[in-house]
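1. Pasting the sequence and the predicted coordinates here, then a few questions.
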Amino acid sequence: MSNEEENRVHWENISRGDMQALLALHGNTYFHLIRFGLKICGDDELVKDCVNQLFLQLWDKRAKMQPVIQVRAYLFTTLRHLILDELSYLDKMDNAIIRMSGEAAPNELSYEEIIINVQHDEELKRKLHAAMQQLTHRQKELIQLKFFDGLSYEQIAAHTSQSVKTAYNTIYDAIKQLRKLLK
Amino acid sequence: MNSIEELVCDESFQQFCLGHDADTNSYWEDQLKLHPEMIEEARRIVNILSANQGSRLDHSRQLQDGLRQSVQLQQLLEVSASKGRKRRFIYAIAATGLILFGVWRMLPVKKQPATYTASHNPRHTYILTDGSIITLRENGTLLIDNDFGKNTREVTLTGEAFFDVKHNDQHPFIVHTRTADITVLGTTFTVSANPGEETETTLLSGKIAVNLKAKPGDKIVLQPNQKFITRIYKLDKKATPVWIHNRLEIDNEPLEEIAKKLEKWYGIPVIFSDEAVKSYRYSGTFESESIIKALEALQLSYPFNFKVNNNVIVISK
């Protein structure tokens, strides 16, 4: 069964009041939702809160749930609304800007922007920015695939047409460099 | 033991950091005890590079707590509903805002407490001895216990009021109403306790515990500073209490005029201890739930001082 087929089964079971199915759907989609949210706003705390809210709402409305074909797409859309609502609530000044952008997707944040945004320590932000500048394009790409997108070394190798060993070594060297720069 | 770089690059270690259910997790738990500094440093790097995506297991636990509270709340609601009156509770928490509590009438009181009332003014603001700000709506009455602030901070409300409670861990602030006791640990919220109306409860920020008298012993704790968000009912923006939400539009007006407006809106005297400050001019649109917040918003644009003395606000340079 594909992930999406599994999700559809969970969805049906949730509508029948199965709380385990809700937790299973959460487990299946958690990282996808977090990554999607981070690209919208780059605030990990807010994104995690909204993901939590999304599932609590789902549970609350389970009796009225309609069958959905694209479960993940549905969750993404709902999460987007929650995040934009939260952002507009937090900052009323930005309200107008968000409304103006309407349904159009706001500019996605890049991996570098996200990892810097979620840090609160100014010193670390600065160091991280400088450190990322030192990495080659390839190193950055592989670091993102490994740590942000959560791919395995096999998947990265296939994705970038190189051997697993090369992929591992590229990441290993990048980590070694980063460690020095982030001390 | 591996180097920190090797740890960071280890897939089973990464899984451990991200909270996947993996068989190797117990191995890493043991390693964490044996080499805490190394493991923590490696985990720090993984967290930075994963943009704090966090641990799926931890997050799942938070969700389960939230679900449990939601189920508890549902049970409480069923008890309330079976009492014959239809009620609707809305709970929501967000990073900032206020809380609106619903139709609860006052408790019988034992001693002779001090009574604050808004009577027929649209709003009346009082500042309690502990620095908490209470804005009562028309016909709202607040009874303050005689020993308020000594060991406890307990008040009894009928009608509607906005609270901006001073934080004090030792002495929680308790609002009694006919059907519920609300324990507050420093937050802003409103309580609507009008008899015979539909109940709406909206919690947007702060940390509170609600005990419904219909079901004593069952306590619901809502605390967003642990970053737990429950939104059992989505907050409709219109649901924010209009009566307390002051939108102040000023266009190059002197502080003296602004102070008059605030005095009228919140129902608390505002005086000046300094002449020069009266003529400071301000422009802009401010939205606030308390007079203190409104003044603080003004201070941001050009600084002045203010303090509260015996329920009078005194503005100085």
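-> Yep, that arrived.
2. how many other residues sit next to residue 66?
-> Looking at chain A here, since you left the chain open. By other CB atoms under 10 Å in any protein chain shown, the residues close to A:Q66 number 7. Backbone N, C-alpha and C define where each C-beta goes, glycine included.
3. My question was about chain B, not that one.
-> B:G66: 20 neighbours (other CB under 10 Å).
4. as a whole number, average confidence for the helix or strand harbouring it?
-> Per DSSP states H and E, B:G66 falls inside helix B:56-82. Mean pLDDT, helix B:56-82: 70.
5. Repeat that for stretch B:36-48.
-> pLDDT averaged over stretch B:36-48 gives 93.
6. Residue 22: neighbour count?
-> This is for chain A. Counted with other CB under 10 Å, A:L22 comes out at 22.
7. My question was about chain B, not that one.
-> 16.
8. which parts of stretch B:158-171 are buried?
-> Applying a neighbour-count criterion of 16 or more other CB atoms under 10 Å in any protein chain shown, one finds B:T158, B:G159, B:E160, B:A161, B:F162, B:F163, B:D164, B:V165, B:K166, B:N168, B:H171 buried in stretch B:158-171.
9. just for the stretch 51-200 of chain B, where's the confidence low?
-> Where the stretch 51-200 of chain B drops to pLDDT under 70, the residues are B:72-113, B:169, B:179-180, B:185-200.
10. In it, which residue sits closest to chain A?
-> B:N52 (4.0 Å; CB to the nearest CB).
11. ok now do that residue, which residues does it touch?
-> If you count contacts by CB atoms under 8 Å, 6 or more residues apart in numbering or on different chains, B:N52 has them with A:D44, A:V118.
12. any idea which element B:W28 lies in?
-> helix B:25-34.
13. Quick check: buried residues in that helix?
-> B:W28, B:Q31.
14. Let's see that helix as PDB, backbone CA atoms only.
-> Backbone C-alpha positions of helix B:25-34 (Å, rounded to 0.1, in the frame of the first residue of the first chain) are rendered in PDB as follows:
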ATOM      1  CA  ASN B  25      16.900   4.300  19.700                       C
ATOM      2  CA  SER B  26      17.700   2.500  23.000                       C
ATOM      3  CA  TYR B  27      21.300   2.200  21.900                       C
ATOM      4  CA  TRP B  28      21.500   6.000  21.500                       C
ATOM      5  CA  GLU B  29      19.700   6.600  24.800                       C
ATOM      6  CA  ASP B  30      22.500   4.600  26.400                       C
ATOM      7  CA  GLN B  31      25.200   6.500  24.500                       C
ATOM      8  CA  LEU B  32      23.600   9.700  25.700                       C
ATOM      9  CA  LYS B  33      24.100   8.700  29.300                       C
ATOM     10  CA  LEU B  34      27.700   7.500  28.600                       C
END
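15. Show me what it packs onto, helices and strands only.
-> On a contact count with 3 or more CB pairs under 8 Å, 6 or more residues apart in numbering or on different chains; DSSP states H and E, helix B:25-34 meets helix B:11-17, helix B:36-49.
16. which residues touch it?
-> B:S12, B:F13, B:Q15, B:F16, B:I39, B:E40.
17. before we move on, what about stretch A:156-166?
-> Contacts of stretch A:156-166 (CB under 8 Å, 6+ apart): A:E141, A:L142, A:L145, A:K146, A:L151, A:Y153, A:E154, A:A167.
18. hmm, try it at 10 Å
-> Defining contact as CB atoms under 10 Å, 6 or more residues apart in numbering or on different chains, one finds that stretch A:156-166 is touched by A:138, A:141-142, A:145-146, A:149, A:151-155, A:167-171.
19. filter the contacts of helix B:25-34 down to the ones near chain A?
-> By CB under 10 Å from any CB of the partner chain, the members of the contacts of helix B:25-34 lying near chain A are B:Q15.
20. Just the buried residues out of the contacts of helix B:25-34, in PyMOL syntax.
-> In PyMOL syntax, the buried subset of the contacts of helix B:25-34 is picked out as below (16+ other CB under 10 Å):
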select buried, chain B and resi 13+15+16+39
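21. returning to what we had before: which of the helices and strands packed on helix B:25-34 has the highest mean neighbour count?
-> Comparing the helices and strands packed on helix B:25-34 by mean neighbour count (mean count of other CB atoms under 10 Å in any protein chain shown), helix B:11-17 ranks first with a mean of 20.
22. In contact with the closest residue to B:Q15 other than its chain neighbours, which residues?
-> Nearest residue to B:Q15 in three dimensions, chain neighbours excluded: B:A22, at 4.5 Å (CB to CB, 6 or more residues apart in numbering or on different chains). Neighbouring residues of B:A22 by CB under 10 Å, 6+ apart: B:E11, B:S12, B:F13, B:Q14, B:Q15, B:F16, B:W28.
23. of the residues you listed, closest to chain A?
-> Closest to chain A, out of all of these and judged by CB to the nearest CB, is B:E11, at 6.4 Å.
24. Distance check, the closest one against A:K140.
-> In this view, B:E11 and A:K140 are 20 Å apart by CB to CB, to the nearest Å.
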